[in-house]
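Asks: give me a 3D structure for the following:
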Amino acid sequence: MDHDLNRLATLDPAAGREPTAAQWSRARAGLERTMRTPAAVRRPVARRLATGLAVACVLAAGAAIGVPALLPDGDAAYASWTAVPRGVPGPESLAAARECARSWDDGGRGTPGEIVLAERRGVTVLLIMWLRDGPLIICSSLGTGHPAGAERLSGDRGEEPPRPANGRVTLDGGLGATGSGSRWYSQAAGRVAADVTGVDIALPDGRTVRASVRDGWWVAWWPGAEGGRTDAIRIVAHTGAGARPYRPDELFAD
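Replies: The predicted model follows:
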């Protein structure tokens, strides 16, 4: 066992590097959201790519780590999913925001604030929102009677990750796959440069998933486990100059 671990350690391209203050902050935020997600929305098996320096070791080992599920259980979420998202009317997005805030329940801070982005794919509403006097979260809701699932994207205002350089996107919100048996879904989220007009996820079977983009963030989810594989997808950033595909390991912020 020790021999195998020593061999694995030699593959770590981040060996000997000390994480920056920003990298430590993102790592702590990721650990916190893993511990804080309500048990009601967890699934028995999950796999997800790491962020920051940790991703280098994960990619070298060809594996991924587990995190809580974000999408609530429900056959309708999978059966009604669409590759192209739709907008969410104001009253409906506010109702979803309230449901998400209740699921967060962060010591009294679970009150809806500003909605940054809201999309609908079938019956599932996915949104990125600021909690009033709280962090930026990503959350999904199937409506009343279903528990919403929420994860932290950043700390309080002013602590969100910076936007990337022109023509690029990042995976500050992470990339991963969650599920069990034949029921898996993938999710990706992050920041976009000011000149990026759209983001697509190119899947290995030829399908394309269109992400929602607004106010410097992008997000998408789709049925399938491709998000848990390091080499399965390409993330395509569209600008006025054209489209450029990126491998996931090119997009994790430093």
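Asks: quick one: mean pLDDT over the helix or strand harbouring Glu151.
Replies: Following DSSP states H and E, the helix or strand that holds Glu151 is strand 149-154. Per-residue pLDDT over strand 149-154 has a mean of 86.
Asks: do stretch 88-98 as well
Replies: Here stretch 88-98 scores 90 as its mean pLDDT.
Asks: how about Arg183, what does it touch?
Replies: Counting by CB atoms under 8 Å, 6 or more residues apart in numbering, Arg183 touches Tyr78. No exception for glycine: its C-beta is placed from N, CA and C like everyone else's.
Asks: doesn't Asp249 lie inside a helix?
Replies: Yes: using DSSP: H, G, I helix; E, B strand; the rest coil, the assignment for Asp249 is a helix.
Asks: wait, isn't it in contact with Thr230?
Replies: Yes: if you go by CB atoms under 8 Å, Asp249 and Thr230 touch, sitting 6.7 Å apart.
Asks: got a list of contacts for stretch 205-221?
Replies: 70-71, 83-85, 116-119, 121, 124, 126, 128, 138, 140, 153, 163, 169, 173, 185-192, 194, 196-203, 222.
Asks: got a quick PyMOL command for the buried subset of those residues?
Replies: Those of the contacts of stretch 205-221 that meet the burial criterion (16 or more other CB atoms under 10 Å) are gathered into one PyMOL selection, given here:
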select buried, resi 70+71+85+116+117+118+119+121+124+126+128+138+140+153+163+169+173+185+186+187+188+189+190+191+192+196+199+200+201+202+203+222
